[in-house]
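Student: coords please:
(2 chains)
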Amino acid sequence: MILRAAAAVFVKDLRTEWRTRVALNALLLFAFSVLILVGYAVGPTRLSLEDRPVVNSVLLWIVLFFSAMTGLSRAFVNEEETGTASALRLSAPPAAVFLGKLLSNLALLGVVMAFVVPLFLALMSFGIAAPGLFLAILVFGAIGLASASTFIAAIVAKTAAKGALFAVLATPLLLPPLVAAVTGTRVAATEPDLAAGLDAVRLLFAFDGIMITASFLLFDAVWRE
Amino acid sequence: MKVFGTLGRVVLGVGMAVILWGAFLYAHPAESFVGESSRIVFFHVPMAWIAALAFLLAAGHSALYLKTRQIERDDAAASAARLGILFCFLATVTGSIFAKVMWNSYWNWDPRETSIVLLLLVYGAYLGLRQAIEEPERRATLSAAYALVAFATVPFLMFAVPRMYASLHPDTVINARGKVEMSPDIKLVFFTSMTAFTALFAWMYALDVEATRLVRRLEERAAGGNAA
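Tutor: Okay, the predicted model is just below:
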């Protein structure tokens, strides 16, 4: 029942997004501009070989983080601004709304990552020694980014200063997973051994689990406010 | 409402003076620390403990607000978060001074330093959120939800992360060996200091909760006056 309602919210979000593609285009353009900036200013050759893994993994996650900050608050801000939130409140249970919004944000972030990550690797000549570990870090990192952003978006949608507040509230929550993701990416770039990055994956997994559980427990109060 | 009687305030004032004397003149410096640097333990640890206590109170009152919807719970949570930031900041500063004396650097992103800065950021964001919402009930609900999400993820930093990575931080009072390893004179001053600072916090907290409640009353009266 909840899963079916969540799927309906998810499909509705994809459909409305596909009609205008505002969020998707904004996100992709933003990510692309930042990529160009980073690629031009830092480039593949400016860094010494030993600095490359550290600087590149930080830059990659900064690009992904700022992209998430520009686009992912729309999930709820849009509903409140167009006045469709009340209709949604009536037609689906809160847990389903949260799950649906989480999935649509995750899909959005997934598209952005599929675009940004290969381009970044090519632009910066950033080699990855352990692709499996890198993929795991990307997946769990994306889940962490999307889950925290979705919950914070639900909060800021009810306040006056939506845009400014979104980044302020989300950043402190996202710092631990981002640090883990950066560390994991650096390890994936240098160590072919999959086990070397297990600590980072474990930390990301734990954060994702805590964040999603806490969001489900508290979303009800925020959504009904 | 009288929070602390005259006697209580006199005892607290005298107690604080005794602790200053004890910390700098009575207790001798601990071994294996540079010079007199170990004396900071009498101030740094109580600050950190009170910060943790305050954030725990903030989370507890937030949870109770969501359960009972009593606006007084929100006043209490907000006061606790504000005082928590103050004591967290003091713990950061005292820790940083100790780091300079002990390891010759104010800041080196030790896991403990990282996690305490994150705490400051989280509760700073919490107070920012409170300022952005006018309506008291909405402010209470949304900030309680944020405080609880932050509280669920932050202990993760305070407890898991510093223990996963090697830290320069001296053993905590509650250590792996399960007993307090201090010489008797240090132990005496230390626990007196913990008690006195906790009492000081209790007094400040009660005053701040009362002040927050009065400010809210005034706002409500002003809003009511406009409506009429």
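Student: residue ranges for the helices of chain B, please.
Tutor: B:6-21, B:41-68, B:71-103, B:111-132, B:136-155, B:161-164, B:184-227 (DSSP state H).
Student: chain center to the last one: distance?
Tutor: Average the C-alpha atoms of helix B:184-227, do the same for its chain, and the two points are 12 Å apart (C-alpha atoms, centre = their mean, to the nearest Å).
Student: which secondary structure elements does that helix contact?
Tutor: helix B:6-21, helix B:41-68, helix B:71-103, helix B:136-155 (3 or more C-beta pairs under 8 Å, 6 or more residues apart in numbering or on different chains; DSSP states H and E). The C-beta positions use only the backbone N, C-alpha and C, and glycine is treated the same way.
Student: orientation of that helix relative to helix B:136-155 in degrees?
Tutor: 150 degrees (axes from the mean of the first three to the mean of the last three C-alpha atoms, to 10 degrees).
Student: so where's chain B uncertain?
Tutor: Across chain B, the ranges flagged by pLDDT under 70 are B:1-3, B:155-167, B:171-181, B:225-228.
Student: just the helices and strands packed on helix B:184-227: most buried one?
Tutor: Per-stretch averages of neighbours, counted by mean count of other C-beta atoms under 10 Å in any protein chain shown, single out helix B:136-155 among the helices and strands packed on helix B:184-227, with a mean of 22.
Student: hang on, the earlier thing: for residue B:33, which of the helices and strands packed on helix B:184-227 is the nearest?
Tutor: Closest approach to residue B:33 among the helices and strands packed on helix B:184-227 (C-beta to C-beta): helix B:71-103, 6.8 Å.
Student: and the closest one with chain A, contact?
Tutor: No - applying C-beta under 8 Å from any C-beta of the partner chain, one finds helix B:71-103 separated from chain A by no less than 12.5 Å.
Student: Report the angle between that helix and helix B:136-155.
Tutor: Computed by the same axes, to 10 degrees, the angle separating helix B:71-103 from helix B:136-155 equals 30 degrees.
Student: So which elements touch helix B:71-103?
Tutor: Using 3+ C-beta pairs under 8 Å, 6+ apart, helix B:71-103 sits against helix B:41-68, helix B:111-132, helix B:136-155, helix B:184-227.
Student: do that again at 6 Å, thanks
Tutor: If contacts are counted by 3 or more C-beta pairs under 6 Å, 6 or more residues apart in numbering or on different chains; DSSP states H and E, helix B:71-103 sits against helix B:41-68, helix B:111-132, helix B:184-227.
Student: just how off-centre is that helix within its chain?
Tutor: Between the centre of helix B:71-103 and the centre of its chain there are 4 Å (C-alpha atoms, centre = their mean).
Student: residue closest to the middle of chain B?
Tutor: residue B:51 (1.6 Å; C-alpha atoms, centre = their mean).
Student: Now do that residue against residue B:82, distance only.
Tutor: In this view, residue B:51 and residue B:82 are 12 Å apart by C-beta to C-beta, to the nearest Å.
Student: and what of residue B:186?
Tutor: Distance, residue B:186 to residue B:82, using C-beta to C-beta: 32 Å.
Student: next one: residue B:27
Tutor: Separation of residue B:27 from residue B:82 (C-beta to C-beta): 32 Å.
Student: quick one, what contacts residue A:44?
Tutor: For residue A:44, the contact set (C-beta atoms under 6 Å, 6 or more residues apart in numbering or on different chains) comprises A:124, A:125.
Student: Reduced to three states, what does it come out as?
Tutor: Assigned with DSSP: H, G, I helix; E, B strand; the rest coil, residue A:44 falls in the coil class.
Student: pLDDT score assigned to it?
Tutor: With respect to pLDDT, residue A:44 scores 79.
Student: Any residues of chain A in contact with chain B? List them.
Tutor: Taking C-beta under 6 Å from any C-beta of the partner chain as the measure of proximity, chain A contacts chain B at A:155, A:158-161, A:165, A:168-169, A:172-173, A:175-176, A:210, A:214, A:218, A:221-222, A:225.
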